[in-house]
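Student: Sharing a model that was predicted from the sequence below.
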Amino acid sequence: MTTQEIKDIFSNGIWKQNAGLVQLLGLCPLLAISNSVVNALSLGLATTLVMTLSGSGVAAIREVIPNEARIPVYVLLIAVLVTIVQFLMNAYVHALYLVLGIFIPLIVTNCIVLARAESFASKNGIRASALDGIAMGLGLTLIITILGAVREIFGRGTLLSGIDLVFGESAKFMVITVIPDYQGFLLAVLPPGAFIALGLLIALKNWIDLRATQKASKPDISGTAIPAI
Amino acid sequence: MRRTLAKASFHTALNLLFFTMIGTALLALTYDLTRDTIARSEENEKLKLIKQIVPVSAYDNAIMKDTAPLVADTLLGNDSEATVYRGRLKTQPSIAVLQAIAPDGYGGNIKLIIAIHFDGRISGVRVVSHLETPGLGDYIEIAKNNWINVFNGASLESHQNKDWKVKKDGGTFDYMAGATITPRAMIKAVHKALQYYRLHRDKLFEDNPNAPPNLDKTKEVKEKRE
């Protein structure tokens, strides 16, 4: 694999084809778990782990499975991996498992995992697919963490609340109170707030892309035509 | 043509079967490898919760070691054997921690531990595990909300049978708007656990609460000798 290929995989995963902002896959966990930074980051990393494993797993068996049976096999593989991750988290990071609870098994239903298995891992080698899983997972993690931060600040006036559930009671000092004596803003905590915040994030990304293309094309067309995106 | 189709389907089915078997084997292996650790961390979690609801002044024995098995009982909602932890003050029974299951939560079983003073007052209740909707029904967890403290001090004497309901249903217990199924299940389970306690209180503190009375004699003698 060349450096350029690796670069492409990461720029696709984190920016160009971002799972949360561009492909809009995996909306269920994206909206459900992004009510605080700690929840979002933990589930994002768990999803990244599953995607890395499922990517390499699918790439490893892609030559063996008959074409018409591939989707059930991918689903089976993903479900097995998620359940294994669930067992491992329950055993070794029990506090975190209690926080994420029902959302860990729901990684199976996250469309982005199956989508990458079908559209990337089934056509590429093991290493590239594993990297793609990492890149896509990190892209998703980045977005849900930003969403989590925004919603937590507006909804509860804090950042990193619940970190003590992950690192134990001693980590409580890490909770940042951004707005003291905040009364809370229910809309930001509930799913509609997640939709609105996600919409704003998508708009922001498109605006940045638009500006980038405008800048790039300025010397040639001297600011007349704006390419539609 | 038909034959090749049949052959292809057969091939596909075999393939699926093969991967299913590998998947099952992997899961069984992980389950087996993590089972003990998971049981241990759940046990630790339970001990942490028990410490929260049993005041230190209520016992002077090794409460975590003073356990006895509880057979399945509809009042407790358990369908397999559970454990009762028994606290004693100067060898006199003082507090019992029962495990109960509320089977009718919104997401199925809610596993509870309930600490009851000898006189039948609730010392505290905690949720060990549940699958209630995050953000709606999960306020029964102490980590999310203090709601669960509504049970503190309640007893069959302080609350009549008709009081063991959420306020909306004519009872005396508070609940949060948006999720009433969860607190209903909780209140019902706690009420039933108290009834169980009233029926079985004296046997709960014996060496083997499930044994028929006449079999206990030998053990009692042994305890007195110690």
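Tutor: Right, received. Where do you want to start? Residues are numbered from 1 along each chain as shown, chains lettered A, B, ... in the order given.
Student: And for residue A:207, the neighbour number?
Tutor: 10 (other C-beta atoms under 10 Å in any protein chain shown). For the C-beta atoms, the positions are set from N, CA and C on the backbone; glycine is no exception.
Student: where's it, which helix or strand?
Tutor: Secondary structure from DSSP states H and E places residue A:207 in helix A:191-221.
Student: Same question for the helix or strand containing residue A:85: list its buried residues.
Tutor: Per DSSP H and E, residue A:85 falls inside helix A:70-92. If you call a residue buried by 16 or more other C-beta atoms under 10 Å in any protein chain shown, then helix A:70-92 has these buried ones: A:70, A:73-74, A:76-91.
Student: Who are the contact partners of residue A:112?
Tutor: Listed by C-beta atoms under 8 Å, 6 or more residues apart in numbering or on different chains, the contact partners of residue A:112 are A:19, A:23, A:25, A:26, A:47, A:51, A:136, A:140.
Student: if we go to 10 Å?
Tutor: A:19-20, A:23-27, A:29-30, A:47, A:51, A:133, A:136-137, A:139-140 (C-beta atoms under 10 Å, 6 or more residues apart in numbering or on different chains).
Student: go on, residue B:105?
Tutor: B:111, B:127, B:130-133, B:137, B:140, B:181-186, B:189.
Student: Can you read off the backbone torsions of it?
Tutor: phi -70, psi 170 (degrees, to the nearest 10).
Student: confidence score at it?
Tutor: pLDDT, residue B:105: 90.
Student: coming back round to it: list the helices and strands the helix or strand that the helix holding residue A:85 is followed by packs on?
Tutor: Heading C-terminal from helix A:70-92, the first helix or strand you meet, by DSSP H and E, is helix A:94-100. Using 3 or more C-beta pairs under 10 Å, 6 or more residues apart in numbering or on different chains; DSSP states H and E, the elements in contact with helix A:94-100 are helix A:27-33, helix A:37-61, helix A:70-92, helix A:163-167, helix B:2-53.
Student: Apply 8 Å and report the result again.
Tutor: helix A:37-61, helix A:70-92, helix A:163-167, helix B:2-53 (3 or more C-beta pairs under 8 Å, 6 or more residues apart in numbering or on different chains; DSSP states H and E).
Student: which of the ones you listed sits most buried?
Tutor: helix A:37-61 (a mean of 24; mean count of other C-beta atoms under 10 Å in any protein chain shown).
Student: Share the number of residues neighbouring residue A:186, please.
Tutor: Other residues close to residue A:186 by other C-beta under 10 Å number 11.
Student: so what's it up against?
Tutor: Per C-beta under 8 Å, 6+ apart, neighbours of residue A:186: residue A:155.
Student: Now the residue lying closest to residue A:123 once chain neighbours are set aside: phi and psi?
Tutor: Nearest residue to residue A:123, sequence neighbours excluded (C-beta to C-beta, 6 or more residues apart in numbering or on different chains): residue A:62, at 7.7 Å. The phi/psi pair for residue A:62 (degrees, to the nearest 10) reads phi -60, psi -30.
Student: Test my guess that residue A:62 contacts residue A:121.
Tutor: Yes - with contact defined as C-beta atoms under 8 Å, residue A:62 and residue A:121 form a contacting pair (7.0 Å).
Student: Comparing those two, which shows the higher neighbour count?
Tutor: residue A:121 (27 against 19).
Student: Enumerate the residues of chain B near chain A.
Tutor: Proximity of chain B to chain A is confined to B:8, B:11-12, B:15-16, B:19-20, B:23, B:26-27, B:30-31, B:34, B:37-38, B:41-42, B:44-45, B:107, B:131, B:134-135, B:143 under the rule C-beta under 8 Å from any C-beta of the partner chain.
Student: list the contacts for residue B:82?
Tutor: B:69, B:70, B:72, B:76, B:98, B:99, B:100.
Student: who's in contact with the third one?
Tutor: Spelled out, it's residue B:72. Taking C-beta under 8 Å, 6+ apart as the test, what residue B:72 contacts is B:78, B:79, B:80, B:81, B:82.
Student: Can you check the pLDDT for residue B:141?
Tutor: pLDDT, read off for residue B:141, is 87.
Student: Look up phi and psi at it.
Tutor: phi -80, psi 140.
Student: quick one: low-confidence ranges for the chain?
Tutor: I'll assume chain A. A:165-170, A:183-184, A:218-229 (pLDDT under 70).
Student: meant chain B actually
Tutor: Using pLDDT under 70, chain B drops low at B:1-3, B:208-226.
Student: How is it divided into domains?
Tutor: B:1-53, B:56-212 (automatic domain parsing).
Student: any chance of the helices and strands packed on helix A:94-100 in a markdown table, plus distance to residue A:150?
Tutor: Below are the helices and strands packed on helix A:94-100 laid out as a markdown table (distance: least, C-beta to C-beta, whole Å):
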| stretch | distance to residue A:150 |
| --- | --- |
| helix A:37-61 | 10 |
| helix A:70-92 | 26 |
| helix A:163-167 | 17 |
| helix B:2-53 | 32 |
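Student: what's residue 66 in contact with, if anything?
Tutor: No chain was given, so I picked chain A. B:8, B:11, B:12, B:15.
Student: my bad, the chain I had in mind was chain B
Tutor: By C-beta under 8 Å, 6+ apart, the neighbours of residue B:66 are B:85, B:86, B:87, B:88.
Student: what about the closest residue to residue B:23 other than its chain neighbours, distance to residue A:109?
Tutor: Distances taken as C-beta to C-beta, 6+ apart put residue A:80 closest to residue B:23, at 4.2 Å, once the chain neighbours are dropped. Between residue A:80 and residue A:109 the computed distance is 15 Å (C-beta to C-beta, to the nearest Å).
Student: Over to residue A:203?
Tutor: Residue A:203 is 27 Å from residue A:109, by C-beta to C-beta.
Student: Which members of the contacts of residue B:105 are the farthest-apart pair?
Tutor: B:133 and B:189 (18.1 Å; C-beta to C-beta).
Student: Pretty sure residue B:115 sits in a strand.
Tutor: Yes - the assignment for residue B:115 (DSSP: H, G, I helix; E, B strand; the rest coil) places it in a strand.
Student: ok so, going back, quick one: which of the contacts of residue A:112 is nearest residue B:53?
Tutor: residue A:29 (33.1 Å).
Student: How many residues are close by that closest one?
Tutor: When neighbours are counted by other C-beta under 10 Å, residue A:29 registers 26.
Student: Could you do residue B:74 as well?
Tutor: Neighbour number of residue B:74 under other C-beta under 10 Å is 10.
Student: Next, give phi and psi for it.
Tutor: phi -70, psi -30.
Student: likewise the one 4 residues further on?
Tutor: Recorded main-chain torsions at residue B:78 are phi -90, psi 140, according to degrees, to the nearest 10.
Student: For chain A, see how far away it is.
Tutor: Residue B:78 sits 21 Å away from chain A, going by C-beta to the nearest C-beta, to the nearest Å.
Student: Who are the contact partners of that residue?
Tutor: B:70, B:72, B:99, B:100, B:101.
Student: Apply 10 Å and report the result again.
Tutor: Contacts of residue B:78 (C-beta under 10 Å, 6+ apart): B:70, B:71, B:72, B:98, B:99, B:100, B:101, B:103, B:109, B:111.
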